[in-house]
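> here is a sequence together with a model predicted from it:
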Amino acid sequence: MALRVYNTLTREMEEFVPIHGKKINMYVCGPTVYDHCHLGHARSYISFDVIRRYLLYLGYDVHYISNVTDVDDKIINRAKETGEDPFDLSARFTRSFIEDMASLGVKMPDEQPTVTGHIKEIIDVVKVLILKGFAYATLQGNVYYDLTKSQEKIGILSHQTTEGLMEGSGARIDVEKDKRYPLDFVLWKNSPPDEPGWDSPWGRGRPGWHIECTVMSMKYGSQQLDIHGGGADLIFPHHEAEIHQSEGYTGKQPFSKYWLHNGFLTIDKEKMSKSLGNFFTIKQVLGEFPPEVIRFFILNTHYRNTIDYSEKHLEEAGRAYERISNTITNVKYAIESAAEEGGDPGIYGEIDEARKLFIWSMDEDFNTREALANLFIFSRRINAILSESIPDRKSLQAVLGFFSEIDGVLGVFGKDIRGTPEGITGGLSDKDIDAMIQQREEARGAKDWKRADTIRDELKEKGIIIEDGKEGVRWRRA
RNA sequence: GCCGAGGUGACAGAGUGGCCAAUGUGACCGCCUGCAGAGCGGUUUUCCGGGAGUUCGAAUCUUCCCCUCGGCACCA
C-alpha cells in the first residue's frame, strides 16, 4: 500500500515518492488580495490543507509554502476605483483572507511570503534570467521571458500545441508591441508614476505575475519542489510560465515533481468567478452555514471534480455531517455511564478496520469522499453496538481517539470531539438549562406530558434540543 | 476552432474488469419511545448517455455518436 497521486504533468496516477526521503517541499499558489475570497478559494485551500494534513499523518515532514500576491494590476485598478491606497487595500484583504482561512480550520502555512516583501529577490532572479539569455529587457522598461529559448516546454502542463495556444490566445491578447513573440510573458513590468513601483536596472516597475512563485518557492523551499498545487485555472499560463522561468534559472528539471490541481466550484453549472460576478464570498456562506459543514461539503467530493454549489446541497451536507457528529455525541454520553473495563473487545477490531479503510481511501489520490463513506459505515457499527450494550470506557475512549485521529486530517469533527464550551444560548446558561430539564423530569415522572412538552418546546425555541435516552436526558445546542 | 474533464438510482456522489454497483440525503415500513429526537433493521421496482467491439466476463479497456461543463485575457 502506498500513496498514489494524479499528476497533471504526466496525466497519470503515480506512486508518490518525494525527492528527499521524508522531507517534502509543497507550494500552493495563494490568492491575489483585491477582494474578499469566495467559496472557490475555500475549495482550493481546504483541499490542499487536507492533502498537507494527510502527508503529515503519514509521517512526512511537510514544509508548506503559500504566497499572497499583494501587488498586481487588479489591486491597483480596484484601488483606483475606490480611491484607496493600493497597499492599504491589499493589506485589508490579506487580513480578510487570513481570517477566512482560520474560520474554515485551514492550518496556517509554514511560510506565507508576500510579493512586496521579495522585490529584491525577484529583481535578482530576473537579472540572472537575462544573463543566461532566457529573458530580454525592452526600451519601454519591460522584461519578458523569451519562450523561443524553451520552446520544447510549451504545452508541458496544459498539453496543448503551440499552434493551439497561438490560435486561442493570439486573437484575444492585445499583443504588447515590445514583445518579440506573442507567447512571451512579462517578468518585470514598467510602472507609470502614479502606480506602485520599485527601482530596478530596467527602470521603475513591478514584478510580473508568474515570477513571484518561482522566487518564493525557491527561497523557502527548494529549487525543485515535491508538490506544486493550485486551482485548475492556473495550469495555463501561470504554472507553465513558472516551469519555463524556474527551470531556465536553475538549469534543473523538473521544477516540481508532482503538479496537483483542484477542480472548480460552479453555481448552476457555471464556474464561480469574480469576473462573472456569480460568486459567494466565504464570509457570506459562513453567515449561513457552520464552518465544519462547509468543509464537509467540500470534502464530500473528490478534490479534482467539479462541485456545484447550492444551498440545497449544503443543507444536505449538513444533515450528512450530523450523522457522524451524532455518533460522536452518542459515544461521549455512553462514556459517562460506562464501566471502566470488561466490555466487548470487538470494538477494537472495528477501529482497526476503519483505520485501514481510511488509509486505503486517502492513499488513492486523497479520496476524501471514499474516506467519509467508510466513516459512515464505522459510525453505523458503533451506533449499533451502542444500542445493544454499553461497552467499557476504555474502548469508548479508543473510539473517540480514532475520530480525533481522523479529524487531524479532515478537520471536520473537532468541535464534536472536544465539545462546545459552556456558555449562554438563547439567554440561558448551562445551569438554567439543567434546572429546566429537572423540572421537565419531574413532570415526566408525574406523567404530566403536556407540561413536559411545553418545557421542551420552550427550550427548543431558545436553540436547545432535548433528547431522552436510556442513559438519561441529554441536550445539545442546535 | 484547438485542448481537456465528465455523463451512475428522486438528489448528491464513490467505484482500482468478476460476490446482489459503495456511501449519504430524501421517501416509505418496522423496532425503540408517553410523544418527539437520536439510533438500529428493512424497502426505494431493470441507476452505469447511446451504438459497435475486445473479453469466459465491462460502469470500468478500444472505437464511433449524442449531450454537459471547463481551459485557451484575468482567475483557486
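Right, received. Where do you want to start? Computed from a predicted model, the values in this text were never measured in an experiment.

> any stretches of chain A with poor pLDDT?
Where chain A drops to pLDDT under 70, the residues are A:1, A:167-176, A:420-423, A:425, A:478.

> what's the domain layout of it?
A:4-296, A:321-418, A:430-477 (automatic domain parsing).

> next, count neighbours for A:Ala241.
25 (other CB atoms under 10 Å). In this view, the C-beta of every residue, glycine as well, is placed from N, C-alpha and C.

> helices or strands up against the helix or strand it falls within?
In the assignment (DSSP states H and E), A:Ala241 maps to helix A:240-250. Using 3 or more CB pairs under 8 Å, 6 or more residues apart in numbering; DSSP states H and E, the elements in contact with helix A:240-250 are helix A:119-131, strand A:143-145, helix A:211-220.

> hmm, that helix touching RNA strand B?
No - with CB under 7 Å from any atom of the strand as the criterion, RNA strand B is not reached by helix A:240-250; the gap is at least 8.2 Å.

> next secondary structure element downstream of that helix?
strand A:256-262.

> will you turn the domains of chain A into JSON lines that also has distance to A:Thr306?
Conversion of these to JSON lines gives the following (distance: least, CB to CB, whole Å):
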{"stretch": "domain A:4-296", "distance to A:Thr306": "5"}
{"stretch": "domain A:321-418", "distance to A:Thr306": "13"}
{"stretch": "domain A:430-477", "distance to A:Thr306": "34"}
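
> of those domains, which is nearest A:Lys312?
The closest of those to A:Lys312 is domain A:4-296. By CB to CB, the value is 11.8 Å.

> first-to-last residue distance for that closest one?
By CA to CA, to the nearest Å, the extent of domain A:4-296 from end to end equals 23 Å.

> what do you get for stretch A:268-278?
Using CA to CA, first and last residues of stretch A:268-278 are 10 Å apart.

> can you list contacts of it?
A:35, A:38-40, A:264-267, A:279-280, A:308-310 (CB atoms under 8 Å, 6 or more residues apart in numbering).

> and what of stretch A:46-61?
By CB under 8 Å, 6+ apart, stretch A:46-61 touches A:3, A:18, A:22-24, A:26, A:28, A:62, A:64, A:66, A:104-107, A:227, A:229, A:260, A:262, A:295, A:298-299, A:303, A:362, A:366, A:368, A:408-411.

> could you pick out which of those are near RNA strand B?
A:Asn262.

> which members of the contacts of stretch A:46-61 are classed as buried?
The neighbour-count test (16 or more other CB atoms under 10 Å) marks A:3, A:18, A:24, A:26, A:28, A:62, A:64, A:66, A:104-106, A:227, A:229, A:260, A:262, A:295, A:298-299, A:303, A:362, A:366, A:368, A:409-411 as buried among those.

> so which of those sit within helices?
If you go by DSSP state H, those have A:295, A:298-299, A:362, A:368, A:409-410 in helices.

> can you redo those residues as JSON lines with distance to A:Glu316?
Below are those laid out as JSON lines (distance: CB to CB, whole Å):
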{"residue": "A:Arg295", "distance to A:Glu316": "15"}
{"residue": "A:Ile298", "distance to A:Glu316": "13"}
{"residue": "A:Leu299", "distance to A:Glu316": "14"}
{"residue": "A:Met362", "distance to A:Glu316": "23"}
{"residue": "A:Thr368", "distance to A:Glu316": "16"}
{"residue": "A:Val409", "distance to A:Glu316": "23"}
{"residue": "A:Leu410", "distance to A:Glu316": "18"}
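
> return the closest of the residues you listed with respect to A:Leu428.
Using CB to CB, these come closest to A:Leu428 at A:Arg295, 28.8 Å.

> please state the backbone phi and psi of A:Tyr6?
phi -90, psi 120 (degrees, to the nearest 10).

> distance-wise, check it relative to A:Gln438.
57 Å (CB to CB, to the nearest Å).

> ok so, going back, now for the helices and strands packed on helix A:240-250, which one comes closest to RNA strand B?
With CB to the nearest atom of the strand as the criterion, RNA strand B lies closest to helix A:211-220 of the helices and strands packed on helix A:240-250, at 10.1 Å.

> which residues does the closest one contact?
A:25, A:27, A:29, A:63, A:65, A:67, A:69, A:110-111, A:113, A:115, A:118, A:121-122, A:125-126, A:187-188, A:225, A:228, A:238, A:242, A:245-246, A:249-250, A:255.

> just the buried ones among those residues, please.
Among the contacts of helix A:211-220, the ones that count as buried (16+ other CB under 10 Å) are A:25, A:27, A:29, A:63, A:65, A:67, A:69, A:111, A:113, A:115, A:118, A:121-122, A:125-126, A:187-188, A:225, A:228, A:238, A:242, A:245-246, A:249-250, A:255.

> tally up the residues packed near A:Arg319, please.
Neighbours around A:Arg319, by other CB under 10 Å: 9.

> quick one: list the elements packing against the one helix or strand it maps to.
In this structure, A:Arg319 is located in helix A:311-336 according to DSSP H and E. The helices and strands touching helix A:311-336, judged by 3+ CB pairs under 8 Å, 6+ apart, are helix A:291-299, helix A:368-388, helix A:393-410, helix A:414-418, strand A:472-477.

> quick one, which of those is packed in tightest?
helix A:291-299 (a mean of 24; mean count of other CB atoms under 10 Å).

> who's in contact with whatever helix or strand comes next after it?
Following helix A:291-299 in sequence order, the next helix or strand is strand A:307-309 (DSSP H and E). The contact list for strand A:307-309 (CB under 8 Å, 6+ apart) reads A:39, A:43, A:263-269, A:272, A:280, A:297-298, A:301.

> before we move on, the earlier item: closest to A:Ile424 out of the domains of chain A?
domain A:430-477 (8.5 Å).

> next, the distance between the ends of the closest one.
11 Å.

> again with stretch A:28-47
11 Å.

> again, but for stretch A:406-415
OK, stretch A:406-415 end separation, CA to CA: 13 Å.

> which strand residues bridge A:Arg474?
A:Glu467 (DSSP bridges).
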